[in-house]
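Enquirer: Quick one: sequence plus predicted model below, questions after.
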Amino acid sequence: MNNIPVSNEKTNPSSLQTDNRKKAIMLIILFGVVSLMGDIIYEGARGVYGPYTKSIGMDIALVGIITGVAEFLGYFVRLITGYLSDKTKGYWVFTIVGYFMLVSVPLLAISKQWQIVSLFIILERVGKAVRSPAKDTILSSATKQIGTGLGFAIHEALDQFGAIIGPLIFSAALYYSSKNSASGPAYSNAFTLMWIPFFLLIITVFAARIKVPHPENLEIQVSTIPEKLTKTFWLYNAFSITTTIGFISFVIIGYYFKDNNLLNDAQIPLLYSVAMGIDGAAALVVGKVYDNLKKRFNNERSGLRTLIVIPVLTSLIPFLAFTKNKVLLILSVLLWGIVMGTHETIMKSSIADLTHIKKRGTAYGIFNTGYGLALLISSSLIGLLYKVNIVYIYILVIVTQIISIIFYFTLVKSTGDRKNYDNRKSKV
């Protein structure tokens, strides 16, 4: 009789691992589809926020402040929702409620008053704050089955496919309406179309909840990472904050294109969709490099070396974007997409590798609060500097990226991966 349980111990772990891997891949794909629909909605809208706010008479400084406040709240609220999701373990509840708040985008069709438009722009970002720590925690458990870099990269690629489609829908809708109306492009028609992906998104997120109700069970490995947040985690936060302060949002770039009559209302979201395509492609490459570096140095934190791409490319963007040369404008948007892809993939992968599962929602919340503060400073400050002299934007970007590079080398040193690598080579 004793042979029966011994046999089960030999076979069950293998079958459990296979089953978990299948569930993990399915969950990553389902969440990819959810994010695809979400990006059709909010990335499509964000691609026209610049020209749309100008069309209803909003001042550039006000636009910079509103989008900055929206971005800040979109990250600051994560500090609260991340902690609460860890405390209550209600990861699915926060995820579903947050996705429901995307209803604010199609509702933008009902008014052109700047107060209501501003409210809906802010609510869309707050909804992302409600769902993101919980959603990322769910995904982080699934990505452990196939590699955090690759897992988040696959999700980001699907996510960015929606980010391509969304601006294209807006571009087509605006082009069609401007040709058939003497009053110019009808933004309300484009926002109304967003009801379709919204309902598809809600159906898919409920399907994911039904298929994998307990995603935490996918992370069956015993974590060697301490529950306390480490020095490397805080250095990573310092690096991210400084480099992001110098990162120019597409809203500001789009406003510049419109303000200088360099591109029309339909071309701006079209170019934004190209940036999103670059974002998705860059995510796959960076995610794979991230995982390869972890294997090469035999250290879960070694993937952080990929972060050097961010300050190097960020420092080039304003010099290319704020010109009258259309080739340079396009190049700036392509670089912007690469930086965004690196941000989105490495940001989420790194937190998963730097933190214990019990503190991961809190860690995502803390990180994103700092990131949101940086975006608030960036959008508001760059919006104000734009009105004074663009030269000051160049100075801001260069100074912040130099500081972030200093943090980068300190961060890489803190991982200890070079020492592990040299020790492993000496043993060989």
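Expert: Here it is on my side, so go on.
Enquirer: now what about the helix or strand where residue 52 lies, what contacts it?
Expert: Assigned by DSSP states H and E, residue 52 falls within helix 49-55. Residues outside helix 49-55 that contact it (CB atoms under 8 Å, 6 or more residues apart in numbering): 60, 63, 66-67, 114, 117, 121, 184-185, 187, 250-255, 257-259, 265, 268. C-beta coordinates here come from the backbone N, C-alpha and C atoms, glycine included.
Enquirer: Tell me the helix or strand right after that helix.
Expert: Past helix 49-55, the next helix or strand by DSSP H and E is helix 60-88.
Enquirer: And the average pLDDT for that following helix is what?
Expert: Averaging pLDDT along helix 60-88 gives 85.
Enquirer: Mind listing what's buried along it?
Expert: For helix 60-88, burial by neighbour count (16 or more other CB atoms under 10 Å) applies to 60, 63-79, 81-86.
Enquirer: Report all helices and strands that the next helix or strand after it contacts.
Expert: Next along the chain after helix 60-88, taking DSSP H and E as the criterion, comes helix 91-100. Helix 91-100 is packed against helix 60-88, helix 114-143, helix 195-211, with contacts defined by 3 or more CB pairs under 8 Å, 6 or more residues apart in numbering; DSSP states H and E.
Enquirer: what about these, which gets the closest to residue 310?
Expert: helix 60-88 (17.0 Å; CB to CB).
Enquirer: Low-confidence ranges, this structure, go.
Expert: Residue ranges of the chain with pLDDT under 70: 1-17, 180-185, 220-224, 417-428.
Enquirer: Grab the most central residue of the protein for me.
Expert: Closest to where the C-alpha atoms of the chain average out (CA atoms, centre = their mean) is residue 344, at 4.0 Å.
Enquirer: show me what contacts that one?
Expert: 152, 156, 159, 279, 283.
Enquirer: Quickly note the distance from it to residue 328.
Expert: 25 Å (CB to CB, to the nearest Å).
Enquirer: before we move on, what about residue 113?
Expert: With CB to CB as the criterion, residue 113 and residue 328 are 37 Å apart.
Enquirer: more neighbours, those two?
Expert: residue 328 (14 against 10; other CB atoms under 10 Å).
Enquirer: which SS class is the more buried one?
Expert: In three-state terms, and counting by DSSP: H, G, I helix; E, B strand; the rest coil, residue 328 is helix.
Enquirer: all helices for the stretch 251-400 of the chain, in order.
Expert: 267-297, 309-314, 317-321, 326-354, 360-388, 390-415 (DSSP state H, counting those that start in this stretch).
Enquirer: which one of the ones you listed lies closest to residue 37?
Expert: helix 267-297 (14.2 Å).
Enquirer: Mind giving me the packing neighbours of that closest one?
Expert: helix 3-46, helix 148-179, helix 250-259, helix 326-354, helix 417-427.
Enquirer: returning to what we had before: would you mark the buried spots in the helix holding residue 52?
Expert: By 16+ other CB under 10 Å, the buried positions in helix 49-55 come out as 49-54.
Enquirer: Sort out which one of the residues you listed lies nearest residue 215 for me.
Expert: Nearest member of the buried residues of helix 49-55 to residue 215, counting by CB to CB, is residue 49, at 33.0 Å.
Enquirer: any idea how far that closest one lies from residue 70?
Expert: 9 Å.
Enquirer: next one: residue 172
Expert: 26 Å.
Enquirer: Nearest residue to residue 56 in space, ignoring adjacent ones along the chain?
Expert: Once flanking residues are discounted, residue 56 sits nearest to residue 112: 4.9 Å by CB to CB, 6 or more residues apart in numbering.
Enquirer: Count residues in the vicinity of that neighbour, would you?
Expert: The burial count for residue 112: 14, using other CB under 10 Å.
Enquirer: same question, residue 226
Expert: With other CB under 10 Å as criterion, residue 226 counts 10.
Enquirer: Now the phi/psi pair for it, please.
Expert: phi -60, psi 150 (degrees, to the nearest 10).
Enquirer: these two touch, right, it and residue 358?
Expert: No: with contact defined as CB atoms under 8 Å, residue 226 and residue 358 do not form a contacting pair (10.5 Å).
Enquirer: Can you list the buried residues in stretch 353-372?
Expert: Buried residues in stretch 353-372 (16+ other CB under 10 Å): 353-357, 359-372.
Enquirer: send the alpha carbons of that stretch over as PDB?
Expert: Extracted in PDB, the C-alpha atoms of stretch 353-372 (Å, rounded to 0.1, in the frame of the first residue of the first chain):
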ATOM      1  CA  ASP A 353      12.400  39.500 -10.300                       C
ATOM      2  CA  LEU A 354      13.300  42.000  -7.600                       C
ATOM      3  CA  THR A 355      10.400  41.300  -5.200                       C
ATOM      4  CA  HIS A 356       8.800  38.400  -3.200                       C
ATOM      5  CA  ILE A 357       5.300  37.400  -4.400                       C
ATOM      6  CA  LYS A 358       3.800  38.500  -1.000                       C
ATOM      7  CA  LYS A 359       5.000  42.000  -1.600                       C
ATOM      8  CA  ARG A 360       4.700  42.300  -5.300                       C
ATOM      9  CA  GLY A 361       1.400  44.200  -5.500                       C
ATOM     10  CA  THR A 362       2.800  46.700  -3.000                       C
ATOM     11  CA  ALA A 363       6.100  46.900  -5.000                       C
ATOM     12  CA  TYR A 364       4.300  47.600  -8.200                       C
ATOM     13  CA  GLY A 365       2.300  50.300  -6.400                       C
ATOM     14  CA  ILE A 366       5.400  52.000  -5.000                       C
ATOM     15  CA  PHE A 367       7.300  51.800  -8.200                       C
ATOM     16  CA  ASN A 368       4.400  53.200 -10.300                       C
ATOM     17  CA  THR A 369       3.800  56.000  -7.800                       C
ATOM     18  CA  GLY A 370       7.300  57.200  -8.400                       C
ATOM     19  CA  TYR A 371       7.000  56.700 -12.100                       C
ATOM     20  CA  GLY A 372       3.700  58.700 -12.100                       C
END
